[in-house]
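Novice: attaching a predicted model along with its sequence, questions to come.
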Amino acid sequence: MSFNPVFRRQFLRDLGLSASALPFVAGLPGLCAGEGASGPRKRVIIMFSPNGTLPGEFWPKNFGDDKPLKLGAMLEPLEPFKEQILILKGVHNRVRGDGDNHMRGISCLLTGRELNRGNIQGGSHTPAGWASGISIDQEIRNFFQSQDSSRTRFGSLEFGVAVPNRADPWTRMSYAGNNKPVAPIDDPVQMFGKLYGGVKERDNLASVLDDLLDDLKRVSKKLSSEDRVLLKEHMQLVRELELELASSREDNSLAHPQPEIDPEIEVVNDNTPQVSRMQIDMLVNAMANDMTRVATLQFMRSVGQARMRWLGIEDGHHTLSHKPDGDKQAVKKLRQINHWFAGELAYLAQRLKETPEPGGADGSMLDNTQIVWLNELGKGNSHTLDNIPFLLLGGGCGFKTGRALDFKGKAHNSLWLSIAHGVGHGIKTFGKAQFCQDGALSLS
């Protein structure tokens with residue numbers, strides 16, 4: 001069964017579906033066919049973790065096309081995906097201006113432009129405000145939304161995990177434009193409500209499926225066998241999420257902790273592992289059902305002091321990142337922290353890998369999704385914006401993977417050009433034009 005946009009809308013109207021049922025059927029491949037799509041859907045996910053990395057353990061020993069990629073112990077969870085990984089060294093954030101390096105690290109990371117002048121004082125002599133331009137995720141979102149073949153219900157989704165309830169340049173990495181920060185949603189209940197509706201209050205989390213079973217049963221009879229399978233899987237995933245959310249509500253384990261009086265100190269987020277997995281599950285589910293093709297996954301914030309007690313670590317993350325290289329205990333804890341972030345990325349990759357590409361295309365969703373894992377600093381105790389740790393995973397942009405490359409000082413704006421070109425968006429510059437003079441990085 002194939003529908004052009006006009007007949008697709010008419011088909012859905014004729015079924016008499018309620019608005020609440022549309023998230024379950026609007027993205028089915030059979031209903032989207034004929035809208036100008038050519039080939040599998042392309043997707044982009046940007047994952048952020050804060051406070052720098054351990055360069056000696058992040059960077060592999062071998063660089064170059066002819067050198068097999070060898071991951072260090074800190075990245076051990078990613079070993080099963082080694083052949084789909086591309087690590088980039090020598091890619092610098094050259095954006096300067098007002099604000100400290102943590103501010104410019106996160107808020108200029110995806111925009112490639114300076115911060116506006118403002119009144120938020122960080123660790124530098126000059127206060128700053130929000131970023132002065134659009135971020136690459138929102139640029140690609142707008143490109144996808146401009147075409148019938150790639151337009152989705154949400155355009156983009158911004159997931160957060162343990163992001164403090166405060167708005168400043170240390171907590172925002174996505175920007176819809178100049179002075180337009182996009183806040184991540186770090187409450188799974190709130191994100192579920194955005195995706196499916198039906199969540200009026202946390203204490204009244206009823207099943208959105210209960211009122212839709214008749215509608216979905218009726219539409220199922222009109223679908224192809226493949227779409228019926230996908231609809232059934234979608235309903236099952238949503239039911240499982242509902243049960244997990246309801247269980248978490250009963251013991252209040254998803255309640256967002258309130259910041260302490262001192263804004264530099266954050267409370268323990270013992271629920272972070274649970275929230276992370278639920279957010280990742282919803283992200284993959286949303287992409288599998290074509291609710292969005294662009295997403296960000298932000299862990300915590302720049303300068304964040306999260307205490308990762310689930311790893312046996314009581315120290316604040318930012319404090320640990322400032323310890324000297326010779327502090328063996330601090331290095332051990334930072335290794336654990338970054339190993340954990342690598343494990344969450346591995347979980348995301350595995351969920352995408354085990355999900356067949358919808359619509360009958362060959363391969364898995366991971367084959368057509370470009371993940372970029374990044375950090376606002378190259379190294380925490382030096383606050384350097386050089387050698388930002390960029391790890392690319394998946395096949396969404398068609399890059400040659402299973403290797404590590406050293407670009408020896410290229411501006412990170414060139415990477416964003418490569419990502420844009422990889423999804424078909426042929427822009428000539430992104431962010432500060434002077435940092436795009438070398439063009440896109442050669443990654444194919």
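Specialist: Happy to help now that I have it. Keep in mind that this is a model prediction, so the values were computed, not measured. Residues are numbered from 1 along each chain as shown.

Novice: where do the helices sit along the stretch 1-150 of the chain?
Specialist: Using DSSP state H, counting those that start in this stretch, the helices of the stretch 1-150 of the chain run over residues 5-14, 22-25, 29-32, 55-58, 101-107, 136-145.

Novice: let me know which of those is the nearest to Lys82.
Specialist: Closest approach to Lys82 among the helices of the stretch 1-150 of the chain is made by helix 55-58 (14.5 Å; Cβ to Cβ). Backbone N, C-alpha and C define where each C-beta goes, glycine included.

Novice: sorry, back to before: highest mean neighbour count out of the helices of the stretch 1-150 of the chain?
Specialist: Highest mean neighbour count of the helices of the stretch 1-150 of the chain: helix 101-107, a mean of 27 (counted as mean count of other Cβ atoms under 10 Å).

Novice: send over it as PDB, restricted to the C-alpha atoms.
Specialist: Extracted in PDB, the C-alpha atoms of helix 101-107 (Å, rounded to 0.1, in the frame of the first residue of the first chain):
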ATOM      1  CA  ASN A 101      36.000  27.800  28.500                       C
ATOM      2  CA  HIS A 102      33.300  25.700  30.200                       C
ATOM      3  CA  MET A 103      30.700  28.200  28.900                       C
ATOM      4  CA  ARG A 104      32.200  28.400  25.400                       C
ATOM      5  CA  GLY A 105      32.800  24.700  25.600                       C
ATOM      6  CA  ILE A 106      29.200  23.600  25.800                       C
ATOM      7  CA  SER A 107      27.300  26.600  24.400                       C
END
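
Novice: average pLDDT for it?
Specialist: Regarding helix 101-107, the rounded mean pLDDT is 89.

Novice: ditto for stretch 154-167
Specialist: Averaging pLDDT along stretch 154-167 yields 92.

Novice: what's the answer for stretch 327-341, then?
Specialist: 98.

Novice: if you count neighbours, what's buried in that stretch?
Specialist: Judged by neighbour count (16 or more other Cβ atoms under 10 Å), stretch 327-341 contains these buried residues: Ala330, Val331, Lys333, Leu334, Arg335, Ile337, Asn338, His339, Trp340, Phe341.

Novice: ok, and what's touching it?
Specialist: With Cβ atoms under 8 Å, 6 or more residues apart in numbering as the contact definition, stretch 327-341 has outside contacts at 49, 53-54, 57-58, 73-77, 299, 308, 311-313, 315, 317, 320-321, 323-325, 373, 380.

Novice: contact partners of stretch 225-240?
Specialist: Counting by Cβ under 8 Å, 6+ apart, 1, 24-25, 28-31, 196, 207-209, 216, 219-220, 223, 281, 285, 288-289, 358, 360 sit against stretch 225-240.

Novice: just the buried ones out of these, please.
Specialist: Among the contacts of stretch 225-240, those classed as buried by neighbour count (16+ other Cβ under 10 Å) are 24-25, 28-31, 196, 208-209, 216, 219, 223, 281, 285, 288-289, 358.
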